[in-house]
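Novice: Following is a predicted model, sequence given first.
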Amino acid sequence: MTAQEKLGRILIYLALAAAILLALFPFWWMLVTSFKRPIDIFSGVALWPQQVTFDNYDRLFNNYHFGYFLLNSVVVVTIAVTVSLILGTLAAYALARFRLRYGARQMALYLVLLVRMLPGIMLCIPLYIVLATWGLLNTRLGLILIYAGLNTSFVVWMMQSFLEEIPRDIEEAAMVDGDSRLTALRRIVIPLAAPGLIATAIFSVIATYNDFIIALTLTSTPDAQTVPVGVSTLIGKIEIQWGPMAAAGVVGALPIIIFALIVQRNFVRGLTLGAVK
Amino acid sequence: MTLAAKIDEAKLEERESRVRRLRAAAVPYLLLLPAVLALAAVALYPTLDGIHASLQRFRYGREMGFAGWDNFAVVYTDAVFWQAILTTAMFVVLVVALETLLGLLLALLVARELRYAGLIRVMLILPMTIAPVVVGVIWRLLYASDIGVVDPLFQALGLDAPHVLAKPVTAFLALVVVDVWEWTPLLFLIILAGLQSMPQDPLEAARVDGASRWQAFFHHTLPLLRPVLLVAVVLRTIDAVGTFDQVFVLTKGGPGTATQLISIYAYNTAFLFNQYGRAMAMLIGVLAFLIVLMSVAVRLMRHTSEKIE
């Protein structure tokens, strides 16, 4: 390596270090603030808590219903994602394996993309009117139905590209041996597509867990409000209570950050939503 | 067996095999049906219902009958609406341009062989993984004039504390910074994937022929990257038009209307003033724009996957 190349390498690492610092420092600030006492929060920029306290977390769960928000999120996300995985995988299988007539393929894919593209604000006004007429406002069931439907588009899109990569010969052999198509799907295809299915599940969880505007407009009390809505209510109610607000941010972000670290590789594909294979 | 019975049996068998064939042909459509119904129920129906709502008169949140084009007439002659559109347009153009440039730069830095490449990548993309609401909270904590970091930083450099969220121009720029922080990682990831799936031979040939790094980049890498870049830009643009969460948490559109994006204005119109019809009339214009963008995206994606295959 010449001196010039060495210098180039050092510069690259320096630039990356700066980028990483910019990406991560804001997280650090939130984390530090969440462990500070109110008096320390106001005592200037300190990059380390003067005295570590769990008071903010204590108040978050005992005074501000954060346990309810977490429970609602867990229930809604689990059921909605499970339903969408089933519906979406079946549809993706049809798209990946069959020659469809009547332009059904194009129509299905356009519908999927339309759902992906519609901004939340566009959906939530009519959905609000619809749920109001069915008495499903401010219920977990209402949120589950809507998230399950919306997320199906994502599952179809992802699973279709995963399923297309699985060779047809294997399942055709199973069908020659007497399996029905659905048995072949269950016994042969799904296990082979498991990595894709897991990746899809993880991104679905993240997208559903992170959603804000739909839950914001369709729920109004801790009976059904999810974590992001819970975080936003803290901001409105307790403008000056920075400690619990920071703690809420930490609790809201933690499950997703842990996910991201566990599934690094598969993550990329879901985040880019199949824009690049 | 008599001949008649044999014929009957043959007919029966034929009918059975026809049923079987029909059933087999129906399988893919039956597999598709539940998903299509679900999508139609949560996206297509609300969209149509929204179009219906845009033609209705609302009072105190109640439908009061057909209004014709009144909502559209009110909205599209409303200066605040056009201001929101202008703000959104400036926001989208600024963030998409900055995110693409920075994402490209980062991708080029990471695309070579590095130690800890996986770890570096995951650290760089963390901002895009967390809930946008939490992103709002984080930057609220950084921008706050009493407990934040940004004001002290300016003071340490000998400048006046900007109180970023209190003034129109700085509040707008502050939101741009937040969006760039959050979404540069997405452009970075897409461009990185594009770089890594790129054939290396022409690039090496060019280098052997004595092309400089810059020449190689502009004459080989960039043209090959073009389809991926276009898809990334279109996808990001579609999402940026709907930006809502962070703005809701940080400024709610203020101070004044300085950061009132179209999503915020529509939200206020619908849920503060209960004018669902007017809100939908605004959003239908936005939707038309997005559909054009989407059809561009579809065409580009088809193009890209053909190229990669």
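Specialist: Cool, got the structure.
Novice: drop to CA atoms for contacts and neighbour counts, all remaining ones
Specialist: OK.
Novice: Please determine how far the closest residue to A:Trp48 other than its chain neighbours is located from A:Leu114.
Specialist: Distances taken as CA to CA, 6 or more residues apart in numbering or on different chains place A:Val32 nearest to A:Trp48, at 6.1 Å, with adjacent residues excluded. Using CA to CA, to the nearest Å, A:Val32 is found at 41 Å from A:Leu114.
Novice: where along the stretch 51-200 of chain A do the helices fall?
Specialist: In the stretch 51-200 of chain A, the segments counted as helices under DSSP state H, counting those that start in this stretch are A:55-62, A:66-97, A:104-117, A:120-134, A:140-164, A:168-176, A:181-184, A:190-192, A:194-210.
Novice: closest to B:Arg21 out of those?
Specialist: With CA to CA as the measure, helix A:181-184 is the member of these nearest B:Arg21 (13.6 Å).
Novice: related to what we said a few turns ago, elements contacting the helix or strand hosting the residue nearest to A:Trp48?
Specialist: Following DSSP states H and E, one finds A:Val32 within helix A:3-34. If you count contacts as 3 or more CA pairs under 8 Å, 6 or more residues apart in numbering or on different chains; DSSP states H and E, helix A:3-34 packs onto helix A:242-262, helix B:79-110, helix B:117-129, helix B:132-143.
Novice: which stretches of chain B have low pLDDT?
Specialist: Residues of chain B that meet the criterion pLDDT under 70 lie in B:1, B:60, B:203, B:301-309.
Novice: Mind splitting it into its structural domains?
Specialist: B:3-54, B:70-308 (automatic domain parsing).
Novice: could I get the ones you listed as TSV with distance to chain A?
Specialist: Converted to TSV, the domains of chain B look like this (distance: least, CA to the nearest CA, whole Å):
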stretch	distance to chain A
domain B:3-54	4
domain B:70-308	4
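Novice: Point out the most buried one among these.
Specialist: For the domains of chain B, the largest average neighbour count (mean count of other CA atoms under 10 Å in any protein chain shown) is found in domain B:70-308, namely a mean of 19.
Novice: Which residue is the nearest non-sequential neighbour of the residue in the stretch 1-150 of chain A that chain B sits nearest to?
Specialist: Nearest residue of the stretch 1-150 of chain A to chain B: A:Ala91, at 4.2 Å (CA to the nearest CA). Distance criterion CA to CA, 6+ apart; nearest residue to A:Ala91, sequence neighbours excluded, is B:Leu32 at 4.2 Å.
Novice: Over to the one you found. Which of the three states is it?
Specialist: helix (DSSP: H, G, I helix; E, B strand; the rest coil).
Novice: Which residue is the nearest non-sequential neighbour of the residue in the stretch 151-277 of chain A that chain B sits nearest to?
Specialist: Chain B sits closest to A:Asn210 of the stretch 151-277 of chain A, with a gap of 4.4 Å, by CA to the nearest CA. Of all residues not flanking A:Asn210 in the chain, B:Ala131 sits nearest, at 4.4 Å (CA to CA, 6+ apart).
Novice: cool, A:Tyr128 as well?
Specialist: Distance criterion CA to CA, 6+ apart; nearest residue to A:Tyr128, sequence neighbours excluded, is A:Leu218 at 6.0 Å.
Novice: With B:Ile125 instead?
Specialist: Among residues not flanking B:Ile125 along the chain, B:Pro185 sits closest, at 4.9 Å (CA to CA, 6+ apart).
Novice: if I pick that neighbour, what's in contact with it?
Specialist: B:103, B:124-128 (CA atoms under 8 Å, 6 or more residues apart in numbering or on different chains).
Novice: same thing but at 7 Å, please
Specialist: B:103, B:124-125, B:128 (CA atoms under 7 Å, 6 or more residues apart in numbering or on different chains).
Novice: Next SSE downstream of the host helix or strand of it?
Specialist: In the assignment (DSSP H and E), B:Pro185 maps to helix B:168-196. Next in sequence after helix B:168-196, counting helices and strands by DSSP H and E, comes helix B:201-208.
Novice: just checking, what packs against that next one?
Specialist: Contacting helix B:201-208 under the criterion 3 or more CA pairs under 7 Å, 6 or more residues apart in numbering or on different chains; DSSP states H and E are the following elements: helix B:213-216.
Novice: name the helices or strands packed onto the next helix or strand after the helix it packs on?
Specialist: Per DSSP H and E, the first helix or strand lying C-terminal to helix B:213-216 is helix B:222-241. Secondary-structure packing of helix B:222-241 (3+ CA pairs under 7 Å, 6+ apart): helix B:79-110, helix B:168-196, helix B:276-308.
Novice: Could you dump those into a markdown table and include distance to A:Ile41?
Specialist: Output for those, formatted as a markdown table (distance: least, CA to CA, whole Å):
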| stretch | distance to A:Ile41 |
| --- | --- |
| helix B:79-110 | 31 |
| helix B:168-196 | 22 |
| helix B:276-308 | 40 |
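Novice: Select, out of those helices, the one closest to A:Leu71.
Specialist: So among the helices and strands packed on helix B:222-241, helix B:168-196 is nearest, using CA to CA, at 26.7 Å.
Novice: how far is that closest one from where the chain is centred?
Specialist: In terms of CA atoms, centre = their mean, to the nearest Å, the centre of helix B:168-196 is found 12 Å from the chain centre.
Novice: same thing with stretch B:152-163?
Specialist: In this view, stretch B:152-163 has its centroid 34 Å away from the chain centroid, taken as CA atoms, centre = their mean.
Novice: now the end-to-end length of it.
Specialist: End to end - CA to CA - stretch B:152-163 spans 10 Å.
Novice: number of nearby residues for the residue of the stretch 1-150 of chain A closest to chain B?
Specialist: 28 (other CA atoms under 10 Å in any protein chain shown).
Novice: got the residues of the stretch 101-250 of chain A near chain B?
Specialist: A:108, A:115, A:117, A:119, A:121-123, A:125-127, A:146, A:149-150, A:152-153, A:210, A:212-213, A:228, A:232, A:249 (CA under 7 Å from any CA of the partner chain).
Novice: OK, contacts around the residue nearest to A:Ala91?
Specialist: Contacts of B:Leu32 by CA under 7 Å, 6+ apart are A:90-91, A:94.
Novice: give me that answer again for 10 Å
Specialist: B:Leu32 sits next to A:87-95, A:104-105, A:108, A:156 when contact means CA atoms under 10 Å, 6 or more residues apart in numbering or on different chains.
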